[in-house]
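Peer 1: Here you go, sequence then predicted model.
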Amino acid sequence: MILSNLETVPNMHISKQLGLVQGSTVRAKHVGKDILAGLKNVFGGELKAYTELLQEARSEAVERMVQQASSVGANAVLNIRFSTSSVTQGAAELFAYGTAVILEDA
Amino acid sequence: MTADLIVFVVLLALGYVFGQSVERRHYRSILRREQELQDVLTFSAKLPPQDLKVEGTNLVSGNVVVSVDYFKRFVAGLRALVGGRMRTYETLLDRARREAVLRMKQQARQFGADMIFNVKLETASISKGAKDSIGSVEVYAYGTAINTSDSFSR
C-alpha cells in the first residue's frame, strides 16, 4: 500500500479512482499520565506521554483507513489529510482521510 | 489564605526557574539538530518538479506536545487583560513547530530520503476548554518524503 499526501505519485499513473476512504479513532487521556502532565504544567516542556498517545492514535486511524482502502481493492491512498478535533474534555478524535486509487507503473 | 499565596509564589518561582532552563535547553537542541538535518529539504509545493528522478515515496510525520510553564501562563494571563503580543506563547508554538518538523525530517532520513514535499503543519490544542486550561499544544507535521537518484543535495 502506497501512502502519500501528494495528489499523484511520480512515475506512476492512476488507473482507477475508488473514492474517499477514512479512518478515525477517539482516544482519552490516561488519568495517571494526566497527573504527570499536570506536574509538567508547572515546569513546562514536552509532554512525552501525550506525544506518544497521539502518535499511536494517528497510526491506528491510518491503519483503519488502509483497511478500508484494501477492502475496496486499492493499492494506494493519495492526498492524505489528518485532522484533530476535541470531542469532549480530555478526549480527542484523530481522523485520517484520503483518496483510494489503483496505481500502475507509467 | 496565606497558604494559598505561598503555594502560588512557589509555583511561580518553580515555573520561572525550571521553565527558563527547559526552554533554553530545548532551543539549543533544536538549533543543533537543525544543523544536522539541514540537508533534508522541505517544500510546501504540492508536487516535485517534473524532471526530478523519483525512486520512491513515503509518508513521513512528526509530532510533539509541548506545555508552557506556570510562570509564563501567569504572565500570559496578565497580558490577556491589556492585549498585545503574547511572547510567552509565541516561543511555545515556535518550539513545537520546529520540533515537529525536525522529527519529520529525522524519519525521512531513516527512509534515506533527502526531500519532503507537500509539508503540512497542523496545530491542535489538547484539553481545550478545560477549567484550569492547560497551556499545552500539539503540532503535527507531515509530508511525502521522496528518494531521488540525483544526489545534488548530499
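Peer 2: Alright, I've got the coordinates. Residues are numbered from 1 along each chain as shown, chains lettered A, B, ... in the order given.

Peer 1: Give the next helix or strand downstream of the helix or strand hosting B:Met104.
Peer 2: Assessed by DSSP states H and E, B:Met104 sits inside helix B:87-110. Once helix B:87-110 ends, the next helix or strand along the chain (criterion: DSSP H and E) is strand B:115-125.

Peer 1: mean confidence score for that following strand?
Peer 2: Predicted confidence along strand B:115-125 averages 90 (mean pLDDT).

Peer 1: before we move on, the earlier item: quick one: residues in contact with the helix holding B:Met104.
Peer 2: A:46, B:23, B:26-27, B:30, B:33-34, B:37, B:40, B:42, B:58, B:60-66, B:68, B:72-73, B:75-76, B:79, B:114-116, B:119, B:121, B:123, B:135, B:137-143, B:145 (C-beta atoms under 8 Å, 6 or more residues apart in numbering or on different chains). Glycine gets a C-beta too; all of them are placed from N, C-alpha and C.

Peer 1: same check, this time on stretch B:111-122
Peer 2: In contact with stretch B:111-122 (C-beta under 8 Å, 6+ apart) are residues A:5-6, A:81-84, B:39-48, B:56, B:58, B:60, B:97, B:100-101, B:104-105, B:108, B:139-148, B:153-154.

Peer 1: do the same with stretch B:1-20
Peer 2: So stretch B:1-20 is in contact with A:42-45, B:68-74, going by C-beta under 8 Å, 6+ apart.

Peer 1: Among the residues you listed, name the ones in helices.
Peer 2: Of those, the ones assigned to helices by DSSP state H are A:42-43, B:70-74.

Peer 1: relative to strand B:115-125, how tilted is the helix holding B:Met104?
Peer 2: Inter-element angle recorded for helix B:87-110 and strand B:115-125: 140 degrees (by axes from the mean of the first three to the mean of the last three C-alpha atoms, to 10 degrees).

Peer 1: returning to what we had before: what's the closest of the contacts of stretch B:1-20 to A:Gly19?
Peer 2: B:Val68 (42.0 Å; C-beta to C-beta).

Peer 1: Which residues are in contact with that closest one?
Peer 2: A:41, A:44, B:19, B:76, B:88-89, B:92, B:135-136.

Peer 1: Take those and write them to TSV, including pLDDT.
Peer 2: Below are the contacts of B:Val68 laid out as TSV (pLDDT from 0 to 100):
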residue	pLDDT
A:Asn41	74
A:Gly44	82
B:Gly19	86
B:Ala76	84
B:Thr88	85
B:Tyr89	86
B:Leu92	90
B:Gly135	70
B:Ser136	79
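
Peer 1: Show me how to select, in ChimeraX, the buried members of those residues.
Peer 2: To isolate the buried members of the contacts of B:Val68 in ChimeraX, using 16 or more other C-beta atoms under 10 Å in any protein chain shown:
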select /A:41,44 /B:19,76,88,89,92,135,136
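
Peer 1: Pick out whichever of the contacts of B:Val68 sits closest to A:Arg58.
Peer 2: Nearest member of the contacts of B:Val68 to A:Arg58, counting by C-beta to C-beta, is B:Ser136, at 17.2 Å.

Peer 1: With the flanking residues excluded, which residue is spatially nearest to the closest one?
Peer 2: Leaving aside its sequence neighbours, B:Ser136 sits nearest to B:Ser67 (C-beta to C-beta, 6 or more residues apart in numbering or on different chains; 4.0 Å).
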